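Q: Generate a structure from the sequence data that follows.
(one chain, ligands or ions: 3)
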Amino acid sequence: MRQVSANPDWYNIKLPMVEIFETVEGEGTRAGFPTIFVRLFGCNLRCTWCDTKYSYPPEEADRVMTISQIVQEVRKYRSTHLCLTGGEPLLYGEKSAALIEALIDIDSLTDIHIETNGAIDISMFMDRISSPKVRYIVDYKLPDSGETDKMVLGNLMKLREQDELKFVIGSEQDFAEAVRVLEQYPTMALPLFSPVWETMPPHKLVQLMLEHGLSRVKLNMQLHKIIWDPAARGV
Ligand SMILES: Nc1nc2[nH]cc(C(=O)O)c2c(=O)[nH]1
Ligand code: SF4
Ligand SMILES: [Mg+2]
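A: Ligands and ions are numbered 1, 2, ... in the order given. Next up, the predicted model:
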């Protein structure tokens, strides 16, 4: 008798989770599109202005889920965009890659974008995962974050046209550093400048962009902080 094929390898891999929810994407080129968010627990950075401190210790993961359970949960929603975020969603190496592969297999999803913090080398993921559905949004942490020394500069030249390179800008010093990084490390990705909600009024960031003639850079406002309370979770 023929053996019934077993579950795929990734079926029982477990990951610590914060939340899975559906809302509109608040950032980047897909801002405004209905999007499913999968937020993993854990981060290797501690940015001063972090707005998701509930995604790493001393907070605890909401629950541990198998990739199979995550896929089941994602399938309940109708959005075709998915944002894999955290915390740091690539923190778990092979396990993170297996999750991405399982998400790629969901036919209804047309775009899977991964919000990664710039402190993880994305080479392994890029080499292993070739689906055109997958896009990387790499944060480049500037001095105000307190984590700029952890940036993996090699990531910048690996990014492709469909990827995004996000700079969260808290001060004029951060702005100057972002401009310097873009000059020194040419990238194919779309550069996004995002103001730190508390310390950089958006009009000031726009003024700086225009003064410096940054015609390739796109202003990135966090729509979800305008639509909902900036401290709200799951939106
Ligand atoms: N609406 C909405 N858009 C987002 N884009 C990136 C987010 C994140 O937390 O990574 C986020 C988020 O938390 N909410
Ligand atoms: S990388 Fe993201 S989740 Fe981690 S500390 Fe920085 S802002 Fe917070
Ligand atoms: Mg957020």
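Q: which stretches of the chain form helices?
A: For the chain, the helices defined by DSSP state H cover 67-74, 94-104, 123-128, 154-158, 172-184, 202-211, 223-227.
Q: Next, format these as a markdown table and append distance to ligand 1.
A: Where you see a C-beta, it was placed from the backbone N, CA and C, and this is true even at glycine. Formatted as a markdown table, these follow (distance: least, CB to the nearest ligand atom, whole Å):
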| stretch | distance to ligand 1 |
| --- | --- |
| helix 67-74 | 16 |
| helix 94-104 | 15 |
| helix 123-128 | 17 |
| helix 154-158 | 17 |
| helix 172-184 | 19 |
| helix 202-211 | 17 |
| helix 223-227 | 3 |
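Q: Would the lowest-mean-pLDDT helix or strand in the chain count as contacting ligand 2?
A: Using mean pLDDT, DSSP states H and E, helix 223-227 stands out as the lowest-scoring helix or strand of the chain, at a mean of 95. No - using CB under 6 Å from any ligand atom, helix 223-227 never reaches ligand 2; the gap is at least 13.8 Å.
Q: In terms of secondary structure, what does that helix contact?
A: Other helices and strands packing on helix 223-227, by 3 or more CB pairs under 8 Å, 6 or more residues apart in numbering; DSSP states H and E, are strand 14-24.
Q: tell me the average confidence for the strand it packs on?
A: For strand 14-24, the mean pLDDT works out to 98.
Q: Neighbouring strands of it in the sheet, and parallel or not?
A: strand 34-40 (antiparallel), strand 63-66 (antiparallel) (DSSP bridges).
Q: could you list every residue that touches residue 120?
A: Residues in contact with residue 120 (CB atoms under 8 Å, 6 or more residues apart in numbering) are 44, 88, 90, 91, 152.
Q: With residue 88 instead?
A: 40, 42, 43, 44, 45, 116, 117, 119, 120.
Q: Mind doing that once more with 7 Å?
A: 42, 43, 44, 116, 117, 120 (CB atoms under 7 Å, 6 or more residues apart in numbering).
Q: Could you count how many residues lie near the fourth one?
A: Looking back up the chat, that one is residue 116. Around residue 116 there are 24 other residues, counting by other CB atoms under 10 Å.
Q: How much space separates the residue nearest the centre of the chain from residue 84?
A: Computing the C-alpha centroid of the chain and ranking residues by CA atoms, centre = their mean puts residue 115 first, at 0.8 Å. Distance, residue 115 to residue 84, by CB to CB, to the nearest Å: 7 Å.
Q: before we move on, the earlier item: for the helices of the chain, give me CSV that also has mean neighbour count and distance to residue 7.
A: Compiled in CSV, those are given as follows (neighbours: other CB atoms under 10 Å; distance: least, CB to CB, whole Å):
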stretch, mean neighbour count, distance to residue 7
helix 67-74, 18, 7
helix 94-104, 19, 11
helix 123-128, 14, 20
helix 154-158, 17, 33
helix 172-184, 16, 44
helix 202-211, 14, 48
helix 223-227, 14, 36
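Q: Need those helices in a markdown table (columns: distance to residue 143).
A: A markdown table is the format used below for those (distance: least, CB to CB, whole Å):
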| stretch | distance to residue 143 |
| --- | --- |
| helix 67-74 | 35 |
| helix 94-104 | 28 |
| helix 123-128 | 25 |
| helix 154-158 | 17 |
| helix 172-184 | 6 |
| helix 202-211 | 16 |
| helix 223-227 | 23 |
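Q: Thank you, goodbye.
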